[in-house]
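Colleague: just the structure for this:
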Amino acid sequence: MDSLKKTTSPSVCEIFNSMEYGPAPESDKVAKSWLDEHDRKFGLFINNEWVHPEGRKFYETKSPGNGEFLAKTTQGTADDVETAVCAAKEAHKSWSALSGHERARHLYSIARHVQKHSRLIAVIEALDNGKSIRETRDADVPIVVRHLYYYAGWAQLMEETLPNWESIGVVGAIVPWNFPLMLLTWKVAPALAMGNTVVLKPATYTRLSALLFAEICAEAGLPAGVFNVVTGGGAMGQILAEHRLVDKVAFTGSTEIGKVLRVATAGTGKKISLELGGKSPVLVYHNADLDSAVESVVDAIWFNQGQVCSAGSKLLVQEPVYEKFIEKLKKRLASFRVGKSMDKCVDMAAIVDESQRKSIAEYVEGAKEEGADVFQVEAPPGCYYPPTLITGVSTASKVVMEEIFGPVLVALPFRTAKEAISIANNTMYGLGASVHSQQLPLALETAKMIKSGAVWINCHNMFDAAAGFGGYKQSGFGRDGGREGLFEYAKPGWQTSEILPRPDLDLKKFGSVYEGGAPSLNGGHDGPVPVDRTYKLYYGGAQKRPDGNYCRTIRSAEGKILAQVGDSNRKDVRNAVEAAIKAQPGWEKKSPFNRQQILYYIAENLEQRKKEFMNLLEEMTGVTTDEAQTEVEKSIERLFYWAGYADKYGGTVQETQLYGTVIKIHEPLGVIGVVCGDRHPLLSFVSLMAPAIARSNSVVMVPSQKYPLLALGLYQVFETSDLPGGVVNILTGNSDHLTKYL
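Modeller: Next up, the predicted model:
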């Protein structure tokens, strides 16, 4: 009997006592078989075919967890972008002509085929990115499938629900390495649903899942040229964005690259949406369920190794429970499992690349040098970084203010809700946030006060295709997901798709010269000398002299001097923006009905001075009496139109698959700078001002440089319409100079 005894280490008894997880490796044989079928050497995917251009260099893709070679991928060039974009442009002719039902069938087919290959996709994504197979299998792929089904539904309903909208054309999609396939689908699904074609540029580190997805699309029957993938270095994204045949740029990535792309597309007529970086706060009140909040924090910051743009990397805990909560968090981290990406039992896997791991480590070392307390657990050697908790830092610390993009959580105490909201909003970002409290009114009010594109209550990083996601401030603009995501890939039927060459501007010198006014000859006067007409600036509800004490002359269509207006400089811009910032919160707190009434009053008072504005339009611009009357009447009509929207665009309840209620609230952006052109000077001013203030924003308006008197004539209209001071501010002068500093 003794000979049959078998010794195990650890023993069964020891396993039961420790309850430690053993390894549960996922097989990568099928994934490697797919790589081998391509000889581990991938070309570009254009027109449903693998294209291997001659003379191209290759990039070696390695698995971050162990450095294992996976495949070589082509380093494309501008010529390859040209080929792919031309293929997409040609395919757009037939794809956009399909019925919504036909496009819905294609998206449905892609969704079904993704489901059939879900295991292969999950393994490829884990190998390529370094994240755990548990996350790719249980989070990434299901969200991909959900988006494809969701937008198949919108493709079917487009003709009925968006009857006067149509596709834009060719979409240049650029996605990062943290969620290679999921973020790809966030762009591709709505784009295809609306009838666009796509050229995708995946991140340098993570190209394989995009290439696999392209192959799956072809297998599912997607027509040639509708979806194309070009691989290459970082500069290739800008080449794609600047291509003359690309009508829309959809980008997810860093704020710095987002700025580059915004500059590259400015003035060309290309549509662009940017989902950029974040420094998302997690607020924990003293009355929160602390144990649940700990798990929420785990999801917020250590999901995907913290390489999430909406990662909850700034923890704010109310003082009465701060020490207790930190101890609970440390205890939770003590049992954290960091290991190989193919192990189904790990909580965290590898960082995407060694350069990223070093960047994370530098931030943490910097915090140590500042005197912070750093708590970490063990991590395997190699491209891994331990989950980290930093305490004892100031609100101005670099690790508090900057996006680290790694598994590093910074914790700060707060006393009152007002203080917590202030710390939460003290950032250039505005992507995500979460609030934890068992007192729902407190949580809802706090959520509304935090300036972020998405705010979760008692959870974090919960995504669904029906809930739009995106940010504001330097976290970008535009939305992925939801019905709102459709409008990023569609345009009104009346709108043309003319793409203009990029303006030849030296941005460093643009608008930098301040042109002070000089005396102007008027050619004499018949009769008495007219009374001087000099208009001041208007901000904070009062007329103000320009800081530079310069003015500019405004002439009639016949060249006669009509008046002089203040010539604003950057200090005037600062003053006007400060007035707008001060006024906006109070304006937002007014009821929609109150804002509506004020817009009606503005229209009413403009109607009473209709003849005056008509005469000024005729004299300044040289239009006929009928044309002047039409412009004034259209301006009044436009005020009525936007007054109607003041209380009819609050938001909706979104139908997601998440447990609980998902509410979309149409919040104001805040302070908006508006620069008007010379065409239809009154109507353009009213058309841009009215929707902004109807939806609770305050504005700094730069009226027509050539015909500013019409806007300045609205001073008294505003003052007799009960418009609070600072909601509308008007600066006259050189439009380029003021635009630069706005």
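
Colleague: where does pLDDT dip in the stretch 451-600 of the chain?
Modeller: Residue ranges of the stretch 451-600 of the chain with pLDDT under 70: 516-532.

Colleague: could you pull out the helices in it for me?
Modeller: Secondary structure of the stretch 451-600 of the chain (DSSP state H, counting those that start in this stretch): helices at 570-589, 592-608.

Colleague: quick check, pLDDT for the closest residue to Cys459 other than its chain neighbours.
Modeller: Closest residue in space to Cys459, ignoring its immediate chain neighbours: Ser296 at 5.6 Å, by Cβ to Cβ, 6 or more residues apart in numbering. Just so you know, the C-beta spots here come from the backbone N, C-alpha and C atoms, and that holds for glycine as well. At Ser296, the model reports a pLDDT of 97.

Colleague: surely Ser296 is within a helix?
Modeller: Yes: secondary structure of Ser296 (DSSP: H, G, I helix; E, B strand; the rest coil): part of a helix.

Colleague: neighbours around it, how many?
Modeller: Using other Cβ atoms under 10 Å, the number of residues around Ser296 comes to 24.

Colleague: so what's it up against?
Modeller: Shown in contact with Ser296 (Cβ atoms under 8 Å, 6 or more residues apart in numbering): 282, 434, 436, 458-460.

Colleague: just those: which are in strands?
Modeller: Of those, the ones assigned to strands by DSSP state E are 282, 434, 436.

Colleague: still on that earlier bit, include mean neighbour count and distance to Val513 when you put the helices of the stretch 451-600 of the chain into CSV, please.
Modeller: Formatted as CSV, the helices of the stretch 451-600 of the chain follow (neighbours: other Cβ atoms under 10 Å; distance: least, Cβ to Cβ, whole Å):
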stretch, mean neighbour count, distance to Val513
helix 570-589, 18, 12
helix 592-608, 18, 35
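
Colleague: tabulate these in JSON lines, adding columns for distance to His38.
Modeller: Formatted as JSON lines, those follow (distance: least, Cβ to Cβ, whole Å):
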{"stretch": "helix 570-589", "distance to His38": "55"}
{"stretch": "helix 592-608", "distance to His38": "58"}
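
Colleague: to Thr621, which of those helices lies closest?
Modeller: Nearest to Thr621 among these is helix 592-608; the distance by Cβ to Cβ comes to 17.5 Å.

Colleague: mind checking which of the contacts of Ser296 are buried?
Modeller: Among these, those classed as buried by 16 or more other Cβ atoms under 10 Å are 282, 434, 436, 458-460.

Colleague: of all those, which comes closest to Cys676?
Modeller: For those, the nearest to Cys676 is Ser434 (39.8 Å; Cβ to Cβ).

Colleague: per-residue pLDDT, the closest one?
Modeller: pLDDT, Ser434: 98.

Colleague: whichever strand or helix holds Glu60 pairs with which strands?
Modeller: Here Glu60 sits within strand 57-62, counting by DSSP states H and E. As defined by DSSP bridges, the strand partners of strand 57-62 come to strand 69-75 (antiparallel).

Colleague: just how off-centre is the partner strand within its chain?
Modeller: Offset of strand 69-75 from its chain centre (Cα atoms, centre = their mean, to the nearest Å): 31 Å.

Colleague: next secondary structure element downstream of it?
Modeller: Per DSSP H and E, the first helix or strand lying C-terminal to strand 69-75 is helix 78-95.

Colleague: lowest confidence element among the helices and strands of the protein?
Modeller: Of the helices and strands making up the chain, the lowest-confidence element is helix 12-18, at a mean of 78, by mean pLDDT, DSSP states H and E.

Colleague: next secondary structure after that one?
Modeller: Sequence-wise, the next helix or strand downstream of helix 12-18 (DSSP H and E) is helix 29-37.

Colleague: residues making contact with that following helix?
Modeller: Helix 29-37 is contacted from outside by 70-71, 119-120, 123-124, 127, 208, 212, using Cβ under 8 Å, 6+ apart.

Colleague: 7 Å - rerun?
Modeller: 70-71, 120, 123-124, 127 (Cβ atoms under 7 Å, 6 or more residues apart in numbering).

Colleague: do the same with stretch 233-240
Modeller: The contact list for stretch 233-240 (Cβ under 7 Å, 6+ apart) reads 75-76, 78, 81, 172, 174, 199, 201, 204, 230, 246, 260-261, 264.

Colleague: got a winner among these for most neighbours?
Modeller: Gly172 (31 neighbours).

Colleague: show the backbone phi and psi for it.
Modeller: The phi and psi values for Gly172, taken as degrees, to the nearest 10, are phi -100, psi 110.
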